[in-house]
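Chemist: sequence and computational prediction follow.
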Amino acid sequence: MAARKTDGADLPGGDGAPPIDFTTFVLSLSSSCMIQLGELASPDGAQHVDLAMARHTLEILIVLEKKTAGNLSGEEERVLHHVVDDLRARYAAKLGK
């Protein structure tokens, strides 16, 4: 069995964007959560609130924070911690708590 490649370099297509790294991944999830919270417009320009999906995305980020503890660079850890704290506060505000 051939060794499995672990990066996206062999994926066809693409828009010329730089390869994804951990921080880009976290920020992408953060943007999705902000859209779900109604804080940002979606790519189609619509703006709506979906608290169930926002909670789901936030929970993914919290799992990432727990599972990657001690395995991130200082900058990656700071970005993830800041994103989780910010989104948690925004989510709580939407719930009125």
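Modeler: That came through fine. Residues are numbered from 1 along each chain as shown.

Chemist: alpha carbons only for contacts and neighbour counts from here, please
Modeler: Noted.

Chemist: check the residue nearest to the spatial centre of the chain and give its pLDDT.
Modeler: Against the mean C-alpha coordinate of the chain, by Cα atoms, centre = their mean, the closest residue is Leu29 at 1.7 Å. Note for Leu29: predicted pLDDT of 97.

Chemist: hmm, it is touching His56, no?
Modeler: No. Contact between Leu29 and His56 fails when scored by Cα atoms under 8 Å: they sit 10.6 Å apart.

Chemist: and the biggest helix by length in the chain, what does it pack against?
Modeler: Criterion DSSP state H: the longest helix present in the chain is helix 74-95. Applying 3 or more Cα pairs under 8 Å, 6 or more residues apart in numbering; DSSP states H and E, we find helix 74-95 packed against helix 22-36, helix 51-67.

Chemist: what lies in contact with the first one?
Modeler: Contact with helix 22-36 is made by 40-42, 47-51, 53-54, 57-58, 61, 76, 79-80, 83, 87, as judged by Cα atoms under 8 Å, 6 or more residues apart in numbering.

Chemist: follow-up on the earlier one: deepest of the helices and strands packed on helix 74-95, which one?
Modeler: Mean neighbour count (mean count of other Cα atoms under 10 Å) peaks for helix 22-36 among the helices and strands packed on helix 74-95, with a mean of 18.

Chemist: angle of it against helix 51-67?
Modeler: 160 degrees (axes from the mean of the first three to the mean of the last three Cα atoms, to 10 degrees).

Chemist: quick one: helix 22-36 to helix 74-95, angle?
Modeler: Using the same axes, to 10 degrees: helix 22-36 against helix 74-95 is 10 degrees.

Chemist: please tell me how far helix 22-36 is from the chain's geometric centre.
Modeler: 3 Å (Cα atoms, centre = their mean, to the nearest Å).
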